[in-house]
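S.K.: when you get a sec, could you give me coordinates for this:
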Amino acid sequence: MTGAKPKQKGGSMRSAARLAAVQALYQMEITGTTTAAALRDVQLREGAVPDDGDTGMKVDEAMLKDLVEGVTDRREDLDRKIASHLAEGWSFDRLELVLRAILRAGAYEIVAKADVPLRVAINEWVDLAHAFYAGKEPGFVNGVLDRIGRESRPNEAR
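M.R.: This is a model prediction of the structure:
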C-alpha cells in the first residue's frame, strides 16, 4: 500500500491527502483499527506528522481527516450509492478492497464536498486509481463516480 504515490502536480497536498485516505480506509478494512489509529498511522507514513524523518509527501491534513471520518460516518449510505451504480451482475462485496476504498472516498468527496468541482474530484480519483491499477479499474472508477456525480450534482454534470 505505501508504494503508490500520485504524480506531483498542482494541488499535490490534496492529492496526497486522497492517497493517504485510501491507505487509512484500507488499513481500517483489513485490521479493524479505529479511525484515529488509522489516521495517525498513515500520517506518520506519509510524513505529515513529525517522525524520525520527513520521507513522505506533504498532506493536506484537514482534507485527510475529513475524507476518512466522512467515509466512516457515511459508510453504509456510500456503499448503497456505489452498489446502485454498479453494472448488472456486480455486487459491492465483489469489489477488491483498495477499489472499494477509492470508490468510497471518491463518492464521499462528490456527495459532501461541493467546493471541489465535480470534474476535478472525478479526475483526481481516476488518477489515484491509475497509481494502483494498470488494467480497467481506472475506467471503472470513472464510470461509477461519473454516475454518482450526475445523480448528486446534476447541475455540474455534463
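S.K.: which strand or helix spans I122?
M.R.: Element membership of I122 [criterion: DSSP states H and E] is helix 118-132.
S.K.: what residues sit buried inside the helix or strand of the chain with the lowest mean pLDDT?
M.R.: Within the chain, no helix or strand scores below helix 35-46, which has a mean of 85 by mean pLDDT, DSSP states H and E. Neighbour counts over helix 35-46 (16 or more other CB atoms under 10 Å) mark 35, 38-39, 41-43, 45-46 as buried. All C-beta atoms are positioned from the backbone trio N, CA, C, and that covers glycine.
S.K.: quick check, Y108 in contact with T72.
M.R.: No. Y108 lies out of contact with T72 (CB atoms under 8 Å); the separation is 9.5 Å.
S.K.: more neighbours: which of those two?
M.R.: Y108 (27 against 17; other CB atoms under 10 Å).
S.K.: between the strand or helix carrying the more buried one and helix 118-132, how many degrees?
M.R.: Secondary-structure assignment from DSSP H and E places Y108 in helix 97-112. Here the directions of helix 97-112 and helix 118-132 differ by 170 degrees (axes from the mean of the first three to the mean of the last three CA atoms, to 10 degrees).
S.K.: who are the packing partners of helix 97-112?
M.R.: Secondary-structure packing of helix 97-112 (3 or more CB pairs under 8 Å, 6 or more residues apart in numbering; DSSP states H and E): helix 12-31, helix 61-84, helix 118-132, helix 137-152.
S.K.: and the first one, what does it pack against?
M.R.: Where contact means 3+ CB pairs under 8 Å, 6+ apart, helix 12-31 is packed against helix 35-46, helix 61-84, helix 97-112, helix 118-132.
S.K.: now those as a markdown table including distance to L19?
M.R.: Putting the helices and strands packed on helix 12-31 into a markdown table (distance: least, CB to CB, whole Å) gives the following:
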| stretch | distance to L19 |
| --- | --- |
| helix 35-46 | 8 |
| helix 61-84 | 9 |
| helix 97-112 | 10 |
| helix 118-132 | 6 |
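S.K.: fine by me, we can end here.
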